[in-house]
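Visitor: Have a look at this prediction, sequence included:
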Amino acid sequence: MKYVVIGAGGTGGCLGGFLAEQGHDVTLIARNRHLEAIRENGLILKSCSLGERQIRSVKACTMDEYSDSPDVIFVCVKFYSLEETVPFLRRAATKNTLVIPILNVFGTGGILEKSCPVPVILDGCIYIYSMIEAPGIVIQPRPIFRVFFGYRKGQPRRLETLAAQVERDLCGAGIDAAFTDEIQKEALTKFSYVSPIGAAGIYLNETGGAFKHSGEAQDLFLTLVHEIEELGHAMGITFDEDLGERNLKILDGLDDDSTTSMQRDVQHGGPSEMDGLVHRIVRLADEYGLELPAYRKISSWAKERGLL
């Protein structure tokens with residue numbers, strides 16, 4: 001089976017590296033110095049689970065250079081780069097191709113499907129702590145590596161046998177993977193942390209320490225979490241646990257000086273995931289007839305500052 005991973009950063013590099021290490025046919029779509037280094041030396045993966053591995057079997061190229069026919073495509077890019085993957089998916093993916101987006105933003109599969117109706121596009125989410133250390137080198141300093149993927153409610157279950165094989169391949173590579181019937185619940189559960197901490201962090205310009213204790217930052221964070229819960233209930237999703245309590249436990253593990261990737265992107269003057277993490281929730285609120293005032297406030301504040 002041929003795998004393509006679009007985006008060879010922390011998430012995509014680990015997905016592709018773990019699969020390639022088990023002998024699977026993997027092509028990483030990368031660019032610039034990272035691509036050059038992988039071509040020259042293979043992917044160097046420093047994992048607390050696998051140890052340090054130099055994976056020379058993994059292939060690497062740009063989207064324009066890829067000319068094969070993949071069975072499975074993982075999309076592991078930032079939300080603001082999602083549109084850049086559409087021409088590639090339209091060219092490389094067929095009706096027999098399974099596409100699995102692994103992004104921070106909830107509902108990415110449905111968004112991609114509108115632009116790429118030919119392949120089967122699922123939804124997915126991931127729990128991992130990993131990053132590029134240097135060109136050609138990806139590090140995974142913590143052991144968590146969980147992947148959920150599945151069909152959206154009402155989506156035709158084409159290529160289900162292939163999806164089940166992906167689950168087996170991922171598990172066989174040492175990844176805690178689940179091909180689930182509840183992907184919307186799983187993805188929104190993860191999003192209920194990622195979005196509120198990103199939104200509150202950038203709005204208040206606070207670091208992790210402020211969110212770990214009672215006060216304005218934690219109050220705003222919990223308000224946003226509860227608004228995500230409200231959205232989930234409107235969508236017919238029943239959560240297994242109280243999301244506020246769940247996410248407070250995650251906050252306890254933050255370093256006091258930590259910031260979110262969205263904060264860092266904005267500070268560096270680059271594009272950010274504001275649209276996917278904040279503005280998209282306002283659009284969904286309009287669709288489901290919800291107020292979600294905290295999200296609307298932060299969305300308006302961001303738009304006034306050109307954070308689209």
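Guide: Received the coordinates, thanks. Numbering: from 1, shown residues only.
Visitor: now the helices for the stretch 101-250 of the chain?
Guide: For the stretch 101-250 of the chain, applying DSSP state H, counting those that start in this stretch gives helices covering 108-115, 160-172, 183-204, 208-211, 216-234, 243-252.
Visitor: Looking at the ones you listed, which is nearest to K153?
Guide: Closest to K153 of these is helix 183-204 (Cβ to Cβ; 6.4 Å). C-betas here are computed from N, CA, C, even on glycine.
Visitor: State the number of residues packed around the spatially closest residue to M131 that is not a sequence neighbour.
Guide: Distance criterion Cβ to Cβ, 6 or more residues apart in numbering; nearest residue to M131, sequence neighbours excluded, is G10 at 4.2 Å. G10 is flanked by 19 other residues according to other Cβ atoms under 10 Å.
Visitor: and the closest residue to G12 other than its chain neighbours, what does it touch?
Guide: The shortest distance from G12 to any non-neighbouring residue, by Cβ to Cβ, 6+ apart, is to C76 (3.4 Å). C76 makes contacts with 5-9, 11-12, 15, 102-103, as judged by Cβ atoms under 8 Å, 6 or more residues apart in numbering.
Visitor: Could you identify the most distant pair in these?
Guide: The farthest-apart pair in the contacts of C76, when distances are taken by Cβ to Cβ, is A8 and L103, at 14.8 Å.
Visitor: about what we covered before: could you measure from the residue nearest to M131 over to V77?
Guide: Note on G10: its distance to V77, by Cβ to Cβ, to the nearest Å, is 12 Å.
Visitor: you'd agree the residue nearest to M131 is up against R142?
Guide: No. In this structure, G10 is not within contact of R142 by Cβ atoms under 8 Å, at 11.2 Å.
Visitor: need the strands for the stretch 51-200 of the chain, in chain order.
Guide: Using DSSP state E, counting those that start in this stretch, the strands of the stretch 51-200 of the chain run over residues 51-55, 59-61, 72-75, 98-101, 120-121, 123-128, 131-134, 137-140, 145-150, 176-179.
Visitor: pLDDT on stretch 255-269, on average?
Guide: What stretch 255-269 shows for mean pLDDT is 90.
Visitor: For the residue minimising distance to the centre of the chain, give me phi and psi.
Guide: Among the residues of the chain, the one closest to the centroid is L103, at 2.0 Å (Cα atoms, centre = their mean). Dihedral pair for L103: phi -130, psi 170, per degrees, to the nearest 10.
Visitor: what's the neighbour count on the nearest residue to it once chain neighbours are set aside?
Guide: The shortest distance from L103 to any non-neighbouring residue, by Cβ to Cβ, 6+ apart, is to F79 (5.7 Å). By other Cβ under 10 Å, the residues close to F79 number 20.
Visitor: any idea how far T207 lies from I44?
Guide: Per Cβ to Cβ, T207 is found 31 Å from I44.
Visitor: how near is the residue nearest to G42 when sequence neighbours are not counted to S258?
Guide: Sequence neighbours aside, R56 is the residue nearest to G42 in space, at 3.6 Å (criterion: Cβ to Cβ, 6+ apart). Distance, R56 to S258, using Cβ to Cβ: 35 Å.
Visitor: picking that back up, OK, contacts around the residue nearest to L103?
Guide: 103-105, 108, 273, 275-277.
Visitor: Pipe those into CSV and attach distance to D123 and pLDDT per row.
Guide: Putting these into CSV (distance: Cβ to Cβ, whole Å; pLDDT from 0 to 100) gives the following:
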residue, distance to D123, pLDDT
L103, 10, 95
N104, 13, 92
V105, 10, 96
T108, 7, 97
E273, 17, 95
D275, 18, 96
G276, 14, 96
L277, 16, 97
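Visitor: out of those residues, who's nearest D219?
Guide: Closest approach between those and D219, by Cβ to Cβ: L277, at 19.1 Å.
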